[in-house]
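Trainee: Dropping a prediction and its sequence here:
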Amino acid sequence: MTRIISIETSTALCSAALSEDTHIVAFKESREPKAHAALTAKFVKEMLDENGLRLQDCDAVCVSMGPGSYTGLRVGVSIAKGLCFGGKLPLLATGTLDVLVQQAIEGGLLPDGCKYIVPMIDARRMEAYTAVFTAGGEQIRETKPEIFTQDSYLGLLEEGPVLFIGDAAGKCATVISHTSASFCECCPKASSMPALAMREYKEKRLRDVAYFEPFYLKEFVATVSRKNILPGKQSS
């Protein structure tokens, strides 16, 4: 039996799960704003305590590595590394878009005859981080930022039903109106990570605990709030 702690903090939903092989033993989640740093480690401790386990009783820690919120990803990866250091556990990582695809498949969210799954993480305005997967979960297009237009994914949609899933699916639905398009607006969850985590563990895709970084996809750009700029002054 392989016991893995999974952490997902890439979007507004903060979640953690404890699994044995691919079976969920416990999970915790919260949408409390800006609370990822305060809640993630707390969730892990609660799950272990409730099951009479110590950190050292686990075999690995798996983190959802992005793309997604810069701050959220930093929190998740930092806590995952801390757990690995503290418990002398290996670090695993899986793509956030892969988590959404697994969520769609395991949750029975695919429309009848589904050809493709397009997971999407909000990147502000009408842009999202996306990729394209088959209905069986195989990635067939690279992960990239994309701006929606009414012609986006037209070639895929002409082939048959396509599921758009993620926290950007709602705004995508305001632009794409093709009859083959289905939309599921949701956040990725740690409870959908066990199968992915087990695959990483079995294939020994261990990450370097000291040097591993999240998959940001785009560089973080800091901005200054307008209310913090005095009248008649410009930021240098």
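Mentor: Now that the structure is in, tell me what you want to look at.
Trainee: contacts for the host helix or strand of residue 121?
Mentor: Following DSSP states H and E, one finds residue 121 within strand 116-122. Residues from elsewhere that reach strand 116-122, judged by C-beta atoms under 8 Å, 6 or more residues apart in numbering: 10-11, 67-68, 96-98, 100-101, 104-105, 110, 128-135, 137, 153, 156, 159-160, 162-169, 171-172, 188. Placement of C-beta: from N, CA and C, glycine included.
Trainee: Are any of these buried, and if so which?
Mentor: 10-11, 67-68, 96-98, 100-101, 104-105, 110, 128-133, 135, 153, 156, 162-169, 171-172, 188 (16 or more other C-beta atoms under 10 Å).
Trainee: In helices, which of those fall?
Mentor: Using DSSP state H, the members of these that fall in helices are 96-98, 100-101, 104-105, 156, 169, 171-172.
Trainee: ok, which pair from the residues you listed is furthest apart?
Mentor: Farthest pair in those (C-beta to C-beta) is 105 and 171. Separation: 23.3 Å.
Trainee: what's the neighbour count on the closest residue to residue 16 other than its chain neighbours?
Mentor: Excluding the flanking residues, the one nearest residue 16 by C-beta to C-beta, 6 or more residues apart in numbering is residue 43, at 4.0 Å. Look at residue 43: counted by other C-beta atoms under 10 Å, it has 23 neighbours.
Trainee: From the contact counts, what lies against the helix or strand where residue 43 lies?
Mentor: Using DSSP H and E, the element containing residue 43 is helix 36-50. Using 3 or more C-beta pairs under 8 Å, 6 or more residues apart in numbering; DSSP states H and E as the contact criterion, the elements in contact with helix 36-50 are strand 3-8, strand 14-20, strand 23-30, helix 70-87.
Trainee: buried ones in the last one?
Mentor: For helix 70-87, the neighbour count (16+ other C-beta under 10 Å) marks 70, 72-81, 83-84, 87 as buried.
Trainee: residue ranges with poor pLDDT in the protein?
Mentor: Scanning the chain for pLDDT under 70 picks out the ranges 219-236.
Trainee: tell me the centre residue of it?
Mentor: When C-alpha atoms, centre = their mean is applied to the chain, the residue found nearest the centroid is residue 96 (3.0 Å).
Trainee: Check the gap between it and residue 63 for me.
Mentor: To residue 63, residue 96 is 10 Å away according to C-beta to C-beta, to the nearest Å.
Trainee: Over to residue 20?
Mentor: According to C-beta to C-beta, residue 20 stands 18 Å off from residue 63.
Trainee: who's more crowded, those two?
Mentor: Neighbours per residue, other C-beta under 10 Å: of residue 20 and residue 63, the larger number sits with residue 63, 32 against 16.
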